[in-house]
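# Dropping the sequence and predicted coords here.
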Amino acid sequence: MNTSVQGDFHSETHPERIIIFDTTLRDGEQSPGATLNVEEKLTIARQLARLGVDVIEAGFPFASPGDFEAVNKIAQQVGTEDGPTICGLARATRQDIEAAAKALAPAAKPRIHTFIATSDIHLEYKLKKTRQDVLEIAPEMVAYAKSFVTDVEFSPEDAGRSDSEFLYEVLERAIDAGATTINIPDTVGYTTPAEFGAIIKGIKENVRNIDRAIISVHGHNDLGLAVANFLEAVKNGARQLECTINGIGERAGNAALEELVMALHTRRQYFNPFLGRSPESEDPLTRIDTRQIYKTSRLVSNLTGMLVQPNKAIVGANAFAHESGIHQDGVLKHKLTYEIMDAQSIGLTDNQIVLGKHSGRNAFRTRLKELGHELADQELNRAFLRFKELADKKKEITDWDLEAIVNDEAQQVPELFKLEHVQVSCGDHSRPTATVTIRTPDGKDLTDAAIGTGPVDSVYKAINRVVEIPNQLIEFSVQSVTAGIDAIGEVTIRLKHDDRIFSGHGANTDIIVASAQAYINALNRLYASLQQGKVLHPQHDEAQPVG
Ligand code: KIV
Ligand code: ZN
């Protein structure tokens, strides 16, 4: 076991705890269909701050005016003195770095994260540059970023497939130019844990000035190894982990924040010595408030439309359910027989009945506050109306119902099209027929009707007749928030238009209404994006010339 790390480095560059760098709003949002608008990004950023992440990568400011505005507002409203560091991504070009610096200006602790690929395959086919070019561009652009902020992170993209000697040289130059964090991305999720650990060890041993920078890791989950790779990296000296809530991200996603944090938390006796601590130390290995994990997971899932699979570690619906008789018996005798973590440690409360039809605004506000939701007056009014409607249909309102209302209200999609009315007639001897009334963006109420193969199909066809934006429905899912016949149903859909994916979410005790709302919600995202124009992808779109 490597216990020799203690005392080898300065405390800022080799802290005795792990820095959690959340990239849900940048790399996570790059997953198809996960697009968020400015207000939704702010809502998530505020929750990430409550969760206790050290760094929020808020976006790629050069991508579009919307991305710039989101990073700028997060820098202003969340990046306070006692809040997290706010980071903006920039390719190794002057215009990207300038956009990042400008967007981040209001943050108390701004960080520019600049990157350029180092693998031969990326150099030859994507950048059409030589190794010598990269050896010059990397330090030049790190120094340029450093002229705006003191905190500069540098990533050699596709480090996992880069030649190690070349990688050491690029990193050495980036650190000499002022990078204070060097981030090692396994961009295509190719490495295995032992290999990734060896890459980190090699960097520690061969990069001459590595004691002047924190080693960070970033990885994708193409082979399902991202979290395992990161844990091996920690054992070999990595002190910053770049991750996303629910593991969302490009293709198979990024390393999942909740899995990393709970692995480090649950197995801290195992990891302590690698950070120079005694195995028995009870000091947390991260600054994360683990009781905020479940709530953050639900918020991100609802706003991005990226569903969490039931068997997903930590935050899946089955993660703390003990279905089998043997397990239930064991858990009843002693929890530790089959449980290595306490459900409450991730903020999963007992789903107790808390409010009813007669509960007033104050009781509603107080319970929301206890659950960690402080709503502004207008938001509270809207949520309270939803609560009253629900209480008329459902006698007992639980915490999970309240969370569903708040999460649904957290969606800030402009209501360009608004569902005014939906009615369906169906049954085993009739043809499913739907009538809808929709308010259009220019304020007209249009009504139309359609016949479909089922009630949802007929509603969607009727909506299409009004909205007239061609699209293909590619995913439709219904989940109930609580048990019971009167439960709230949450509908999540994904649709495709011109090779782009848009998601929508709706919650109602009537699943036909929830389905109609989810569809209108997705169409509104699509319509808004048609008005917004092109958004640049930091890794796939043509690199701008260094200027
Ligand atoms: O996966 C990757 O390489 C990235 C970089 C931009 C850090 O996301
Ligand atoms: Zn990535």
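Received it, and whenever you're ready, just let me know what you need. Residues are numbered from 1 along each chain as shown. Ligands and ions are numbered 1, 2, ... in the order given.
# When you work out contacts or count neighbours from here on, use the C-alpha atoms and nothing else.
Noted.
# so who does the one residue in the chain that gets nearest to ligand 1 touch?
As assessed by C-alpha to the nearest ligand atom, ligand 1 sits closest to residue 187 within the chain, at 3.7 Å. Contacts for residue 187 (C-alpha atoms under 8 Å, 6 or more residues apart in numbering) come out as 157-160, 218-220.
# Show me the shaky parts of the stretch 351-500 of the chain.
Within the stretch 351-500 of the chain, the stretches with pLDDT under 70 are 351-353, 483.
# Now residue 438: closest residue in space, sequence neighbours ignored.
residue 419 (4.8 Å; C-alpha to C-alpha, 6 or more residues apart in numbering).
# What is the neighbour count of that neighbour?
20 (other C-alpha atoms under 10 Å).
# so it is in which element?
Using DSSP states H and E, residue 419 falls within strand 418-425.
# Which SSE is immediately downstream of that strand?
Downstream of strand 418-425, the first helix or strand assigned by DSSP H and E is strand 433-439.
# So which other helices or strands are in contact with that next one?
Contact partners of strand 433-439 among helices and strands, from 3 or more C-alpha pairs under 8 Å, 6 or more residues apart in numbering; DSSP states H and E: strand 418-425, strand 445-451, helix 455-467.
# Give me the contacts around the helix or strand that the last one is followed by.
As assigned by DSSP H and E, the chain's next helix or strand after helix 455-467 is strand 472-480. The set of residues that contact strand 472-480 without belonging to it, under C-alpha under 8 Å, 6+ apart, is 487-497, 511.
# 7 Å instead?
Strand 472-480 is touched from outside by 487-497, with contacts defined as C-alpha atoms under 7 Å, 6 or more residues apart in numbering.
# And for stretch 112-121?
87-92, 100-101, 123, 138, 145, 151-159, 161-163, 167.
# Give the rounded mean pLDDT of that stretch.
Mean pLDDT, stretch 112-121: 98.
# next one: stretch 17-31
What stretch 17-31 shows for mean pLDDT is 96.
# Quick one: distance of it to the chain centre.
7 Å (C-alpha atoms, centre = their mean, to the nearest Å).
# Give the full set of residues in contact with the closest residue to the residue of the chain closest to ligand 1 other than its chain neighbours.
Excluding its sequence neighbours, the residue lying closest to residue 187 (C-alpha to C-alpha, 6+ apart) is residue 158, at 4.8 Å. With contact taken as C-alpha under 7 Å, 6+ apart, residue 158 is in contact with 117-119, 185-188.
# swap the cut-off to 6 Å and go again
Residue 158 makes contacts with 119, 185-187, as judged by C-alpha atoms under 6 Å, 6 or more residues apart in numbering.
# Redo the residues you listed as TSV? Include distance to residue 473.
Shown next, in TSV, are these (distance: C-alpha to C-alpha, whole Å):
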residue	distance to residue 473
119	38
185	34
186	33
187	30
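# so who does residue 155 touch?
When contacts are counted by C-alpha under 6 Å, 6+ apart, residue 155 is found next to 115, 182-183.
# just curious, which of those is nearest to residue 288?
residue 183 (20.6 Å; C-alpha to C-alpha).
# and that closest one, helix, strand or coil?
strand (DSSP: H, G, I helix; E, B strand; the rest coil).
# what's across from it in the sheet?
residue 216 (DSSP bridges).
# can I assume it is in contact with residue 214?
No - the pair residue 183 / residue 214 is not scored as a contact, 8.2 Å apart, by C-alpha atoms under 6 Å.
# And for residue 304, the neighbour number?
Residues lying near residue 304 (other C-alpha under 10 Å) number 27.
# Now it: closest residue in space, sequence neighbours ignored.
residue 34 (4.4 Å).
# Can you tell me how far that neighbour is from residue 264?
28 Å (C-alpha to C-alpha, to the nearest Å).
# How about residue 82?
Residue 82 is 24 Å from residue 264, by C-alpha to C-alpha.
# which one of the two has more residues nearby?
Set residue 82 next to residue 264 and count neighbours by other C-alpha under 10 Å: residue 264 wins out with 20 against 10.
# three-state assignment of that one?
With three-state DSSP as the basis, residue 264 sits in helix.
# that older thread, can you redo the contacts of residue 187 as JSON lines with secondary structure and pLDDT?
What follows is the contacts of residue 187, written out as JSON lines (DSSP: H, G, I helix; E, B strand; the rest coil; pLDDT from 0 to 100):
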{"residue": "157", "secondary structure": "strand", "pLDDT": "98"}
{"residue": "158", "secondary structure": "coil", "pLDDT": "97"}
{"residue": "159", "secondary structure": "helix", "pLDDT": "97"}
{"residue": "160", "secondary structure": "helix", "pLDDT": "97"}
{"residue": "218", "secondary structure": "strand", "pLDDT": "98"}
{"residue": "219", "secondary structure": "strand", "pLDDT": "98"}
{"residue": "220", "secondary structure": "strand", "pLDDT": "98"}
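# Show me the subset of these that also lies near ligand 1.
For ligand 1, the contacts drawn from these by C-alpha under 6 Å from any ligand atom are 157-158.
# Just the buried ones from the contacts of residue 187?
Neighbour counting by 16 or more other C-alpha atoms under 10 Å classes 157-160, 218-220 among those as buried.
# which of the residues you listed lies closest to residue 373?
Distance to residue 373, by C-alpha to C-alpha, is smallest for residue 218 among these, at 30.9 Å.
# what's around the closest residue to that closest one other than its chain neighbours, how many residues?
Take residue 218 and drop its neighbours on the chain: the residue closest to it by C-alpha to C-alpha, 6+ apart is residue 185, 4.4 Å away. Residues lying near residue 185 (other C-alpha under 10 Å) number 22.
# and this protein, which of its residues are near ligand 1?
Selection of the chain residues close to ligand 1 by C-alpha under 6 Å from any ligand atom yields 27, 155, 157-158, 185, 187.
# Any chance of a markdown table for those residues, columns distance to residue 433?
Below are the residues of the chain next to ligand 1 laid out as a markdown table (distance: C-alpha to C-alpha, whole Å):
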| residue | distance to residue 433 |
| --- | --- |
| 27 | 42 |
| 155 | 55 |
| 157 | 53 |
| 158 | 53 |
| 185 | 52 |
| 187 | 49 |
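# Touching stretch 58-74 from outside, list them.
25-26, 38, 42, 87-89, 96, 99-100, 103-104, 535-536.
# are any of those residues buried, and which?
For the contacts of stretch 58-74, a burial check counting by 16+ other C-alpha under 10 Å picks out 25-26, 38, 42, 87-89, 96, 99-100, 103-104.
# With secondary structure and distance to residue 444 added, can I get the residues you listed in CSV?
As requested, the buried ones among the contacts of stretch 58-74 are exported to CSV (DSSP: H, G, I helix; E, B strand; the rest coil; distance: C-alpha to C-alpha, whole Å):
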residue, secondary structure, distance to residue 444
25, coil, 35
26, coil, 37
38, helix, 27
42, helix, 31
87, strand, 43
88, strand, 41
89, strand, 42
96, helix, 42
99, helix, 40
100, helix, 41
103, helix, 38
104, helix, 41
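# Widest-spaced pair of the residues you listed?
42 and 96 (21.7 Å).
# low pLDDT regions in the stretch 1-150 of the chain?
Within the stretch 1-150 of the chain, the ranges that satisfy pLDDT under 70 run 1-14.
# switch the cut-off to 50
Across the stretch 1-150 of the chain, the ranges flagged by pLDDT under 50 are 1-9.
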